[in-house]
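1. predicted coordinates and the sequence they were generated for:
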Amino acid sequence: MTAARGGKDSRSLLCEAPSRPFRQKTPGVFSAVGLCVAALAVGWAVAAGEADRPKSKARASGTIVHSVYFWLQDGATDKDVATLIADCKKLLGPLPCVKRLDVGVPLGKSRGVVDSSYQVGLVVTFDDQAGYDTYVKHPDHLKLIARHKALWKKVLVYDFVRK
């Protein structure tokens, strides 16, 4: 068999070196192979990290720490702050699922990395996921939310598993 180009055998065309080299020495430009290898490496790294991290839907194992920060509406009074703190202690503290409850106001001293702009901070710990799940649905927790929600401008919640 002969190919259309110069009468060469089509098998010899497959073995010939390309007229342009595969890798170009252009600074700042990745080759297609290099880009694919980099993408695969990033994918493997992400997958490896995800394998070690508990999935958000998975049940956590260990003590759960529930941190809540409340920013109150403009015009909130010291009495509003005191009432929220007292209700957290009265309604949430006695719950059997609560291992420990701390509630209070920001330290007042600030350094660059500390955000002290909230008015009330609450930290609740639970022995396990079951305790946390019970707390989230508990009527006294829901009562606290209903009683004080209108006073909140912003609420941030950070939950983590103690290691």
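-> Looks like it arrived, so ask away.

2. so who does residue 81 touch?
-> Residues near residue 81 by Cβ atoms under 8 Å, 6 or more residues apart in numbering: 72, 105, 119, 120. To be clear about C-beta, it is placed using only N, CA and C from the backbone, and glycine gets the same treatment.

3. in strands, which of the residues you listed appear?
-> 72, 120 (DSSP state E).

4. show me just the buried residues among the contacts of residue 81.
-> 72, 119, 120 (16 or more other Cβ atoms under 10 Å).

5. wait, the first one sits on residue 151?
-> Looking back up the chat, that one is residue 72. Yes - if you go by Cβ atoms under 8 Å, residue 72 and residue 151 touch, sitting 5.5 Å apart.

6. and the buried ones among the contacts of residue 81 as CSV, adding pLDDT?
-> Output for the buried ones among the contacts of residue 81, formatted as CSV (pLDDT from 0 to 100):
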residue, pLDDT
72, 98
119, 97
120, 98
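
7. of those, closest to residue 98?
-> Among those, residue 120 lies closest to residue 98 (Cβ to Cβ), at 17.0 Å.

8. not counting sequence-adjacent ones, nearest residue to the closest one?
-> Using Cβ to Cβ, 6 or more residues apart in numbering and skipping the chain neighbours, the partner closest in space to residue 120 is residue 70 (4.3 Å).

9. helix, strand or coil: sort out residue 60 for me.
-> coil (DSSP: H, G, I helix; E, B strand; the rest coil).

10. how close does it sit to residue 110?
-> Counting by Cβ to Cβ, to the nearest Å, the gap from residue 60 to residue 110 is 32 Å.

11. try residue 74
-> 20 Å.

12. and residue 89, by the same measure?
-> Note on residue 89: its distance to residue 110, by Cβ to Cβ, is 26 Å.

13. which two among the contacts of residue 81 are spaced furthest apart?
-> 72 and 105 (11.0 Å).

14. shared neighbours, these two?
-> With Cβ under 8 Å, 6+ apart as the test, residue 72 and residue 105 both reach 81, 119, 120.
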